[in-house]
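Participant: need a 3D model of the sequence below.
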Amino acid sequence: MAGRVGPILVRLLAPAIALAVLLAFLGVLPLSTTVALALGTAIALSAEAYLASRAASGSGAPESGRPREALVDTSALIDGRLADLAETGFLSIDLVVPEFVLRELQHVADAADSMRRARGRRGLDVLQTLRGSKGVRVRVVVDDLPNEPEVDLKLVGIAKRRGAALVTTDFNLNKVAGIRGVRVLNVNDLAHALRPVVLPGETLRVTVVKEGKEAGQGVAYLADGTMVVVEQGRDLVGRSVGVLVTSAIQTAAGKMYFAKRVE
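Facilitator: Numbering: from 1, shown residues only. Predicted structure coming up:
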């Protein structure tokens, strides 16, 4: 950057000082005044040129301190929700898929186990969908850490080196990245944040699907998977009933509601 700013200053200062000398020679203004005006103009113009050159080169961190790109791991691709999120246009960050992640997906897609093979193929399909999406820019890069055998540590190391975030649904990778100071965009956290809020006192209609852990309890689920514990709902298993939400607690998996049956 300094190598580009130096020539800019020279090109701007030279004509400004020449103008000052000319004005002083013609007697329009005192020499000291004209030099001061010329220098002030040159400094303002050079600062503007410096900022313009930074913007054009794309170097340096964004003013907000947020990364411009995020590395995507296999868990986020296999999960599939990232493609739906990209289609909404909410993603304002480039997605980067290292070649070793693509190789890992191909390895999973070629597995002998049918379930594992299906997961790998879904990840490849999601990547293809993302690359064709107009809502996000996706790049496959050859960036690697050849001396690091662990894929998770490769991702964390490359993200830290590139100043990038990391997109994952892997709980352990999330923790490791956080310890290493890498920002994590966890799809599960986003899903939890977007769940509709149910307040105590609201009524819902739910289907009790099983018995609860405590005596007399029944368990139901909302459409987004949120658990609802129905007091005295053990005998209601298999039935759709109206319930009144009485309280809510926050767990590691998200919110859980407690409710009682209403007529």
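Participant: what pLDDT is listed against the residue nearest to the spatial centre of the chain?
Facilitator: What sits nearest the mean C-alpha location of the chain, by C-alpha atoms, centre = their mean, is residue 185, with 4.1 Å. In this model, residue 185 is scored at 89, pLDDT.
Participant: just to be sure, it is in a strand?
Facilitator: Yes - secondary structure assignment places residue 185 in a strand (DSSP: H, G, I helix; E, B strand; the rest coil).
Participant: local confidence estimate at the closest residue in space to it that isn't next to it in sequence?
Facilitator: Of all residues not flanking residue 185 in the chain, residue 167 sits nearest, at 4.8 Å (C-beta to C-beta, 6 or more residues apart in numbering). C-beta coordinates here come from the backbone N, C-alpha and C atoms, glycine included. With respect to pLDDT, residue 167 has a value of 93.
Participant: phi, psi for residue 167 please.
Facilitator: In this entry, residue 167 is assigned phi and psi values of phi -100, psi 120 (degrees, to the nearest 10).
Participant: how far away is it from residue 76?
Facilitator: Computed with C-beta to C-beta, to the nearest Å, the distance linking residue 167 and residue 76 is 5 Å.
Participant: shouldn't residue 106 be in contact with residue 124?
Facilitator: Yes - counting by C-beta atoms under 8 Å, residue 106 does reach residue 124; the two are 7.2 Å apart.
Participant: for the residue nearest to the centre of the chain, give its distance to residue 117.
Facilitator: For residue 185, the distance to residue 117 under the criterion C-beta to C-beta works out to 28 Å.
Participant: same thing with residue 221?
Facilitator: Here the criterion is C-beta to C-beta. By it, residue 221 lies 29 Å from residue 117.
Participant: kindly report the same for residue 192.
Facilitator: 30 Å.
Participant: try residue 209
Facilitator: When C-beta to C-beta is applied, the distance between residue 209 and residue 117 equals 30 Å.
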